[in-house]
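Student: please find the sequence and the predicted model below.
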Amino acid sequence: MKATVNVNGRVSDADHAVIPVFDHGFLYGEGIYETLRTYNGRPFLFDRHLARLRASAGMLRLEVPLSDAELAGRVDETIRAAGLGADAAGGPRDAYIRILVTRGVGDLTYDLSACPTPSVVVIIKPFPVTPAALFEQGVRVALVSVLRNHPGSLNPLIKSNNLLNNALAMQEAYRRGAFEGVMRNYRGELAECTQSNLFIVRDGAALTPSLESGLLAGITRQFLFEVGREAGIDVRGEVLREADLLGADEAFLTSTTREVLPIVQVDDHPIGTGRPGPVSKRLLAAFRQKADALTLGPAMPSPR
Ligand SMILES: Cc1ncc(COP(=O)(O)O)c(C=O)c1O
């Protein structure tokens, strides 16, 4: 595996990056994370990701032991050590960035006082570019049987390292030969995909399940509300059900790594014409344009 990892300030390659087995992140899945990426070698929407990281940590009563500036410093340093980023030799090379904070090392008890020092890990890899053909042809998803966690049990708003719900749902999607799995909530409403948010297009408007349906408040999902407003496309949250998806004119998924990726089939059922539709294409183009505008040139908003 080619990755550069920063564990509590120590940078190494993937093989030499270690966390003790008594870290409660390993023992109990107690931790939170963010997945980010760079465009033009610069972290994209960094401040929003850090805000969500802190919100997730708060819901676990987990203290993030670094300031935003210190976290930005760790990310910058690790990107540089990986030979990626804006200053990479031969021009900007984009990075995949994962920031994790776990409860830290402690005895076998849920008592918070057992773990005085949270662990902070940054993983950097070359950004895995989604092939252009997938954007041009669209992907097939499966409506999986695994339900999204009940918000009163493990709130999907927490971007938690405890990913068993997502892993089991995605493994069902893999068994069914699908690119992604669409999950419903305990009421049967559409919630989100296992690693991305879901949108449908109906009568020219892009609709996504509202947060009340129990899902992660995706940074890309939120950004798309702004992209849509500027592009003159109505983008909004609503309660959606299976029939809304199957009867949609278009559908797509959004995430930091997949951007705006058209869905053309749900199990054996084609969506709309079975080809990526015009609203999805316009939103993808407008999204990329805005991502470029925010990461090119000297006026980039700095996280520090
Ligand atoms: C469950 C889930 N929903 C949605 C998303 C998309 O979120 P974002 O746009 O912030 O990457 C992710 C991303 O990893 C996810 O894991």
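Tutor: Sure, I can see it.
Student: and stretch 278-291 with the ligand, contact?
Tutor: No - using CB under 6 Å from any ligand atom, we find that stretch 278-291 stays clear of the ligand, coming within 11.0 Å at best. To be clear about C-beta, it is placed using only N, CA and C from the backbone, and glycine gets the same treatment.
Student: all numbers from here: first residue = 318
Tutor: In the new count, where the first residue is 318, that last one comes out as stretch 595-608.
Student: any buried residues in that stretch, and which?
Tutor: Within stretch 595-608, the residues that count as buried by 16 or more other CB atoms under 10 Å are 596-601, 603-604, 607-608.
Student: how about stretch 519-528?
Tutor: In stretch 519-528, counting by 16+ other CB under 10 Å, buried: 519, 522-526.
Student: out of those, which are inside helices?
Tutor: Under the assignment DSSP state H, these contribute nothing to helices.
Student: could I get those residues as JSON lines with pLDDT and distance to the ligand?
Tutor: Listed next are the buried residues of stretch 519-528 as JSON lines, based on pLDDT from 0 to 100; distance: CB to the nearest ligand atom, whole Å:
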{"residue": "519", "pLDDT": "98", "distance to the ligand": "21"}
{"residue": "522", "pLDDT": "98", "distance to the ligand": "20"}
{"residue": "523", "pLDDT": "98", "distance to the ligand": "15"}
{"residue": "524", "pLDDT": "99", "distance to the ligand": "16"}
{"residue": "525", "pLDDT": "99", "distance to the ligand": "10"}
{"residue": "526", "pLDDT": "98", "distance to the ligand": "11"}
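Student: ranges for the helices of the stretch 468-617 of the chain?
Tutor: Using DSSP state H, counting those that start in this stretch, the helices of the stretch 468-617 of the chain run over 481-492, 536-548, 559-563, 595-612.
Student: for the third one, name the packing helices and strands.
Tutor: Helices and strands touching helix 559-563, by 3 or more CB pairs under 8 Å, 6 or more residues apart in numbering; DSSP states H and E, are strand 507-510, strand 514-519.
Student: any stretches of the stretch 518-621 of the chain with poor pLDDT?
Tutor: 615-621 (pLDDT under 70).
Student: which residues touch the closest residue to residue 357 other than its chain neighbours?
Tutor: Spatially, and ignoring its direct neighbours in sequence, residue 357 is nearest to residue 612 (4.4 Å; CB to CB, 6 or more residues apart in numbering). Contacts for residue 612 (CB atoms under 8 Å, 6 or more residues apart in numbering) come out as 355-359, 361.
Student: quick revisit: and the buried residues of stretch 595-608, which is closest to residue 443?
Tutor: For the buried residues of stretch 595-608, the minimum distance to residue 443 (CB to CB) is 18.0 Å, reached by residue 608.
Student: quick check: closest non-adjacent residue to the closest one.
Tutor: Closest residue in space to residue 608, ignoring its immediate chain neighbours: residue 356 at 4.8 Å, by CB to CB, 6+ apart.
Student: settle this for me: that neighbour is touching residue 410, isn't it.
Tutor: No - look at residue 356 against residue 410 with CB atoms under 8 Å: they stay out of range, at 11.5 Å.
Student: quick one, domains of the chain?
Tutor: 321-443, 449-609 (automatic domain parsing).
Student: averaged pLDDT, the shortest one. What do you get?
Tutor: In this model, domain 321-443 carries a mean pLDDT of 97.
Student: that domain and the ligand, any residue contact?
Tutor: Yes - using CB under 6 Å from any ligand atom, domain 321-443 reaches the ligand at residue 352.
Student: from one end of that domain to the other, what's the distance?
Tutor: End-to-end distance of domain 321-443: 9 Å, with CA to CA, to the nearest Å as the criterion.
Student: one step back: how about the helices and strands packed on helix 559-563, which one is nearest residue 531?
Tutor: Smallest distance to residue 531 across the helices and strands packed on helix 559-563 (CB to CB): 5.5 Å, for strand 507-510.
Student: flag every buried residue along that closest one.
Tutor: Neighbour counts over strand 507-510 (16+ other CB under 10 Å) mark 507-510 as buried.
Student: so what's residue 383 up against?
Tutor: Contacts of residue 383 (CB under 8 Å, 6+ apart): 391, 437.
Student: do you know how far it is from the ligand?
Tutor: 20 Å (CB to the nearest ligand atom, to the nearest Å).
Student: ok, now residue 445?
Tutor: 13 Å.
Student: tell me where the stretch 318-467 of the chain has strands.
Tutor: Per DSSP state E, counting those that start in this stretch, the stretch 318-467 of the chain carries strands over the ranges 321-324, 327-330, 348-356, 359-360, 412-419, 436-443, 456-460.
Student: for the longest one, packing partners?
Tutor: Counting contacts by 3+ CB pairs under 8 Å, 6+ apart, strand 348-356 is packed against helix 363-376, strand 412-419, helix 595-612.
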